[in-house]
Every structure is written in structure tokens, then in C-alpha cells.
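> Would you be able to build a 3D model of this:
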Amino acid sequence: MVKAVADAKIFACSQSTELAKKIAESYGTPLGNVITSTYSDGEFQPSFEESVRGSRVFIIGSTHPNSDNIMEMLLMLDAAKRASARHITAVIPYFGWARQDRKDKPRVPIAAKLMAKMLETAGATRIITMDLHADQIQGFFEKPVDHLYASTVFLPYLRNLKLKDLMMASPDMGGSKRAYAYAKTMESDVVICYKQRAKANVISHMELIGEVEGKNVVLVDDMVDTAGTLTKAADVMIERGALTVRAICTHPVLSGNAYERIEKSKIQELIVTDSIPLRQESPKIKVVSCADLVADVMRRVHENRSISSKFLM
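Alright, predicted model coming up:
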């Protein structure tokens, strides 16, 4: 006789409550009850208001700055561990601090590795995340990592646009693998942007490797922060004869004056997921939800079924 799989319990960190509600609805179970108490100095304490003993617990929360977001995830993992949860999965749609994945100069931290160690120490027995800044970050964990690709939700949207003379593009050399993967699926060519930085978030020079004249270009990246690279790339491509420029970026960090840059740019449309909630709306920004993808993977993990069909790239 096959033993039935007990229901999983899903909880949300405060920064990802709206996404967690969508995921829980798609999964088919109510979102668990968590109360957070805050002291006058800013210290906070999350509390599960229901038993999790012996349960599989999913804790949903992106860890984008500020540091309260990663701290809240760590505290909730620790609380679940101390409450005797059987399996504790950290569902981190956007894995923050991932740009610090190596020592690119002396005397700097490898923050992505530190985040991985802290999550495991706090109690995570599994990680579900999406479009890491670098695939090799999976190797920073000793626990299983399910690395999802937002192409699962972006490609149907892109196909529905029915763009003629499509050209996929990468805004930098590091993202060329991602652009080639999209191009292979969409049966299009690829152009690569070569950029030089004066300092972090400041581009001093950009060139294109490839021709974009007469093409409808779609830039592909894992995240958009200040939007400096995307808007500069769009300007260069329009100058070189591109018909239109769109951008697909999984994680809408959109810090500083990113919204203003996008509004004034040659980018016709910026397509993002809801891995991070938008600070404000923009007519140029289209949000495609990743909730169904994440919920499906969570269910497959809980039922010990394969998730390989979700890896389109």
C-alpha cells in the first residue's frame, strides 16, 4: 500500500507576500500564518502561528537588499528548524548578493558563498531559485538546489509577439550563453554587446558584435538594476539600424533612477517576472508571473517527482 504524501505548508517572508499568495493559490493550499513582531530599534521576530512539526515547509522570499530580507529568511528557516519541521525548502525567486560570486580584486568577500552557508546553517534542507547571476553558484551549496529558468514563462510570451526578423541579444559578454539558448529555441541570430565600465554601474564604452540593421532585437539578461546597460545598448542598437528593441530581464531590481532611464530610453518594452515586487508602475514594463512555474516545481519536489521538464535552457 502506497502511503499518501502529507500536505506541504507554505509561508511567506514579508517582502514576497504577494508572489507567495499567487504561488499558494496555484499550488492549491492556503498560505500559512506568520506574525512578525518588531522592536522599537528595528529588530524583528517572525513566528509561525501553526504547527509545522514533521511537515515539509516551503518558505518563500527573495533576498534582494536591504539586508532585512535575507535576515528574515534566515530567522524563518531557524524557526522552522527549531519547530521540528521535517523538510525545510527555501524558495528564493531572486537570490540576492549573487553578483559577488568571486574575488575580482584583493580583500573582497565572496558574498554569494556566504549567503549559501548562512541559509544552510539556518536550516534550509533544499533551495529553489531562479536565474542565478552565475550558474556555478549552485556549487556553493551542500544541499540540493533546483535552479529554474524564467525562459519557461518568457518564451511563450515572446512567441506570442510574433516578431519578424528577430534578433536575440546579450547586454554583455557574460550573458552570451543565455542569449544563445533563447536564440536556439527561437531560431534566430545573436548579437553581443561589449562594454567597458569606468566603475560599478557606470559604462564608459559599448560596442556591438554583430549586425542589427532591420532587426527586431530582444535583449536578454538575468536582472536589471540601474538599467544603464540596457538603455545604453538600446540606444546603440537603434543608432545601428534596429527596428525595435525590447528587453527580457528576470529580476526587476530597478534601483536608483532606473525607472526614469527606462521611460526616456529607446526600449519599447521591458518584460520582467514578479520575483521582486515593482516599486512603481510603468507603461513600458510588463510583468509575467513566475508563480505557476514555482508552484509546479514545489509540488513535484514535495511528491518526489522529476522537474527536468521545467529546464528549457
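> now the strands for the stretch 1-150 of the chain?
Counting by DSSP state E, counting those that start in this stretch, the stretch 1-150 of the chain has strands at residues 9-12, 34-38, 44-48, 56-60, 87-92, 126-130, 145-148.
> Glu239: which of those is closest?
Distance to Glu239, taken as Cβ to Cβ, is lowest for strand 126-130 among the strands of the stretch 1-150 of the chain, at 33.2 Å. The way it works is simple: take the backbone N, C-alpha and C, and place the C-beta from them, glycine included.
> hang on, the earlier thing: let's have the strands of the stretch 1-150 of the chain in a markdown table, adding mean pLDDT.
Formatted as a markdown table, these follow (pLDDT from 0 to 100):
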| stretch | mean pLDDT |
| --- | --- |
| strand 9-12 | 98 |
| strand 34-38 | 96 |
| strand 44-48 | 97 |
| strand 56-60 | 98 |
| strand 87-92 | 98 |
| strand 126-130 | 98 |
| strand 145-148 | 96 |
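> Distance to Glu72 for those strands - can I get that in JSON lines?
Output for the strands of the stretch 1-150 of the chain, formatted as JSON lines (distance: least, Cβ to Cβ, whole Å):
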{"stretch": "strand 9-12", "distance to Glu72": "10"}
{"stretch": "strand 34-38", "distance to Glu72": "8"}
{"stretch": "strand 44-48", "distance to Glu72": "6"}
{"stretch": "strand 56-60", "distance to Glu72": "9"}
{"stretch": "strand 87-92", "distance to Glu72": "11"}
{"stretch": "strand 126-130", "distance to Glu72": "16"}
{"stretch": "strand 145-148", "distance to Glu72": "20"}
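> domain parsing for this structure?
Using the TED database, the domains assigned to the chain come out as 9-148, 151-289.
> Of all those domains, which one is nearest Asn304?
Set against Asn304 and scored by Cβ to Cβ, those come closest in domain 9-148, at 10.5 Å.
> end-to-end on that closest one?
Start to finish, the residues bounding domain 9-148 are 21 Å apart (Cα to Cα, to the nearest Å).
> likewise stretch 245-261?
So stretch 245-261: terminal residues 15 Å apart, Cα to Cα.
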